[in-house]
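Novice: Below is the sequence, then the predicted model.
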Amino acid sequence: MRLLTHNMLLSNIKGVTNRFPLKIEVKKVMIKQVDFNPDFIRNIFPRIEWKVFVDAARKMGYVELPDEVEPSMLDAKDFLRRFHHALVELNLEEGALICPETNRRFPVNKGIPNMILHEDEV
């Protein structure tokens, strides 16, 4: 699961009000090379919750992102490459996503998060 995906997922358990961000439990991280597309990176930037993104990247062992970012940084190729790497090349291969309110674990196996709810959670 890419951090791009993580940044857009939330807990849909019935009655939960604190749905985002899902905590990450890391068992295995893989790097999967993806062609660098600076236009995509610039366009997706406004949709990313930066603090959540940086915290998730660090949880997965990647510490090359600044705590805060300004839109002007999108003109720097070095920053774009680091952002690209964390956003689409870092993959949570095995682990779990955890609801911030209920601590319900959603397993991630082979890079695929299982967000299926139990009957009593719908």
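Specialist: Perfect, I can see it now. Numbers count the residues shown, from 1 in each chain.

Novice: What is the burial count for residue 38?
Specialist: Burial of residue 38 is recorded as 14 neighbouring residues (other Cβ atoms under 10 Å). For the C-beta atoms, the positions are set from N, CA and C on the backbone; glycine is no exception.

Novice: list the contacts for it?
Specialist: 77, 80, 84 (Cβ atoms under 8 Å, 6 or more residues apart in numbering).

Novice: tell me which strands and helices the biggest helix by length in the chain is in contact with?
Specialist: If you go by DSSP state H, the chain has its longest helix at helix 50-59. Packing partners of helix 50-59 (3 or more Cβ pairs under 8 Å, 6 or more residues apart in numbering; DSSP states H and E): helix 3-6, strand 23-31.

Novice: picking that back up, which among the contacts of residue 38 gets closest to residue 104?
Specialist: residue 84 (31.4 Å; Cβ to Cβ).

Novice: which secondary structure element contains that closest one?
Specialist: Residue 84 belongs to helix 77-84 when assigned by DSSP states H and E.

Novice: now the angle between strand 23-31 and the helix or strand following that helix, please.
Specialist: Using DSSP H and E, the helix or strand that follows helix 77-84 in sequence is strand 90-98. For strand 90-98 against strand 23-31, the angle by axes from the mean of the first three to the mean of the last three Cα atoms, to 10 degrees is 160 degrees.
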